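S.K.: sequence unknown, structure follows:
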């Protein structure tokens, strides 16, 4: 018995150890199973598209993309670039196996908050369609709506790219081509061609650069930095747009904002320049402590003043006026052979070949169209250019000049010229161009323009020489160094350079409506 008891103790101990080991193994298995389930559950939670992640199919995405491309009938150049990109590469930009890129949400938020301030139509940027598809993805409501995740993701990607490109291209380059609008706007029946109304050099969109930024991680910041080139004026118009409710005034703001987007030469802050805004019928000479402002007269409806940027290079006092052939042909028909009328208006005719002055009485209607003749008006009192002209290079025979009909400046509407710009304060403008001129130089200009001199030297000269035939020609040609930029623009809403307050002016050439129409889907009243 004793031996059994002794022998039985090890057996009892062995059973205890055995069951303990079984318990430990079972516990470990339970822990492993629990951990495995937790780990698997964690993986499921980390799947970007939840249970639909396993439904992602590259082939089906490509098929849906092909359908999008084939059904895309947009004729916008910017849309064509997006379409070509997807057709060539066939890869997504805004999502990956890691989910929707955060920039998609930031871009939509930026557009949603900015489009109304930019005077643009949200519908043209597919915002509702994009937000609807984002909602489907976020709620994973593919089954409940009966749609394929591959279709939704590719449509979302395609529309985001179109929206981004439309906005960035539009803000940086404009939504319309101004030269295409203006230079196909006014057909001259009498001449058989469209009038050339817009002579700015317009920079075309750099689509390769835009596409590069669309692909890059900086796409949201690039969109935020996409502001019009004339941004100071643009911001003033944005603020004005918030305060106006009248449809016509809102159109003026929105169309003027579009003009700010065009990539062309705009006046620069701090730059000495002359700004002529045709609707305001006003000129501002900028760059001095206080702007010099004055009224102007500009082209009539049939002879509109063209829009351009150039540099004023010199001025002429008491200039002769060589009449453009078109003015000769249109204005001189009823005076052919009338020597008295030509003499009264100081016109004479010169042979281009010999330089001889010809007898007016011997020139018939055919002579008006003869390119070998030059019709000239003598300088001095009565000349249509007045007593001084400020010349700049352009594709047209136009310039800034004085006038022999100063009473026209009393009119509210002063669209009376053949295209040139008549200025209300010609001497003050001459002084602006030569700010460092000495007192005697300025008096020589005054005397030549029949303005009383202010210096003792000038007054003495006039007392001594006042009996001589006029015009006095103390100064004829005077170079302007450095040349001063001149901008002829057409803004029906614009911040007054003197006050900074946005003012509204009549659209007397009727340019706003065609620009709004050319903006198409992007414009909304």
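M.R.: Good, I have the coordinates. Bear in mind the structure is a predicted one, so any value in this text is a computation, not a measurement.
S.K.: from here on, just use CA atoms for contacts and neighbour counts.
M.R.: Fine.
S.K.: please, where are all the helices along the stretch 301-450 of the chain?
M.R.: Using DSSP state H, counting those that start in this stretch, the helices of the stretch 301-450 of the chain run over 325-331, 339-344, 365-368, 426-433, 439-448.
S.K.: now the strands for the stretch 401-525 of the chain?
M.R.: Residue ranges of the strands in the stretch 401-525 of the chain, as given by DSSP state E, counting those that start in this stretch, are 415-417, 421-423, 477-489, 493-495, 502-504.
S.K.: show me what the second one is packed against.
M.R.: Other elements packing on strand 421-423 under the criterion 3 or more CA pairs under 8 Å, 6 or more residues apart in numbering; DSSP states H and E are strand 292-299, strand 400-401.
S.K.: kindly provide the whole-number mean pLDDT of it.
M.R.: For strand 421-423, mean pLDDT is 98.
S.K.: go on, the third one?
M.R.: Mean per-residue pLDDT for strand 477-489: 97.
S.K.: ok, now the fourth one?
M.R.: Mean pLDDT, computed over strand 493-495, is 98.
S.K.: buried stuff in it?
M.R.: Buried residues in strand 493-495, counting neighbours by 16 or more other CA atoms under 10 Å, are found at 493-495.
S.K.: give the partner strands of that strand in its sheet and their orientations.
M.R.: strand 502-504 (antiparallel) (DSSP bridges).
S.K.: what do you get for the longest one?
M.R.: Counting by DSSP bridges, the strands paired with strand 477-489 are strand 273-277 (parallel), strand 308-317 (antiparallel).
S.K.: got a markdown table for these, with distance to residue 134 too?
M.R.: Listed next are the strands paired with strand 477-489 as a markdown table, based on distance: least, CA to CA, whole Å:
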| stretch | distance to residue 134 |
| --- | --- |
| strand 273-277 | 46 |
| strand 308-317 | 46 |
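S.K.: would you tell me which one of the ones you listed is buried the most?
M.R.: Among these, strand 273-277 has the highest mean neighbour count (mean count of other CA atoms under 10 Å), at a mean of 23.
S.K.: minimum distance to residue 411: which of the strands paired with strand 477-489 has it?
M.R.: Ranking the strands paired with strand 477-489 by proximity to residue 411 (CA to CA) places strand 273-277 first, at 16.9 Å.
S.K.: relative orientation of the next helix-or-strand element following the closest one and helix 426-433 in degrees?
M.R.: Heading C-terminal from strand 273-277, the first helix or strand you meet, by DSSP states H and E, is strand 282-286. Strand 282-286 and helix 426-433 are oriented at 30 degrees to each other (axes from the mean of the first three to the mean of the last three CA atoms, to 10 degrees).
S.K.: what sits up against strand 282-286?
M.R.: With contact meaning CA atoms under 8 Å, 6 or more residues apart in numbering, strand 282-286 is reached by 270-277, 291-296, 423, 429, 432, 497.
S.K.: please redo it, this time with the cut-off set to 7 Å
M.R.: By CA atoms under 7 Å, 6 or more residues apart in numbering, the residues outside strand 282-286 that reach it are 272-277, 291-296.
S.K.: wait, which of those is closest to residue 139?
M.R.: residue 277 (53.8 Å).
S.K.: OK, contacts around the closest one?
M.R.: Going by CA under 7 Å, 6+ apart, residue 277 touches 283, 488-491.
S.K.: quickly list what it is bridged to.
M.R.: Under the criterion used here (DSSP bridges), residue 277 is bridged to residue 282, residue 489.
S.K.: any idea how far residue 206 is from residue 309?
M.R.: Residue 309 is 23 Å from residue 206, where distance means CA to CA, to the nearest Å.
S.K.: ditto for residue 92
M.R.: Separation of residue 92 from residue 206 (CA to CA): 22 Å.
S.K.: what's the answer for residue 185, then?
M.R.: Distance, residue 185 to residue 206, using CA to CA: 26 Å.
S.K.: same deal with residue 105?
M.R.: The gap separating residue 105 from residue 206 is 26 Å, by CA to CA.
S.K.: also residue 273?
M.R.: In this view, residue 273 and residue 206 are 29 Å apart by CA to CA.
S.K.: ditto for residue 337
M.R.: Separation of residue 337 from residue 206 (CA to CA) stands at 58 Å.
S.K.: one step back: okay, the contacts of residue 277 in JSON lines with neighbour count and distance to residue 462 next?
M.R.: Formatted as JSON lines, these follow (neighbours: other CA atoms under 10 Å; distance: CA to CA, whole Å):
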{"residue": "283", "neighbour count": "27", "distance to residue 462": "32"}
{"residue": "488", "neighbour count": "22", "distance to residue 462": "38"}
{"residue": "489", "neighbour count": "20", "distance to residue 462": "41"}
{"residue": "490", "neighbour count": "22", "distance to residue 462": "43"}
{"residue": "491", "neighbour count": "26", "distance to residue 462": "45"}
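S.K.: just how off-centre is stretch 281-301 within its chain?
M.R.: Distance of stretch 281-301 from the chain centroid (CA atoms, centre = their mean, to the nearest Å) equals 22 Å.
S.K.: quick one: the strands in the stretch 1-150 of the chain, in order.
M.R.: Under the criterion DSSP E, counting those that start in this stretch, the stretch 1-150 of the chain contains strands at 95-96, 99-100.
S.K.: and those, which is most packed in?
M.R.: strand 99-100 (a mean of 17).
S.K.: mind checking the pLDDT average for that strand?
M.R.: Confidence over strand 99-100 (mean pLDDT, whole number) is 96.
S.K.: ok, now stretch 209-226?
M.R.: Stretch 209-226 comes out at a mean pLDDT of 96.
S.K.: pull out the buried residues from it.
M.R.: Within stretch 209-226, the residues that count as buried by 16+ other CA under 10 Å are 210-211, 213-214, 219-220, 223, 226.
S.K.: and stretch 382-395, by the same measure?
M.R.: Buried residues in stretch 382-395, counted by 16+ other CA under 10 Å: 382-392.
S.K.: how about low-confidence regions in the stretch 251-400 of the chain?
M.R.: Along the stretch 251-400 of the chain, the parts satisfying pLDDT under 70 run over 370.
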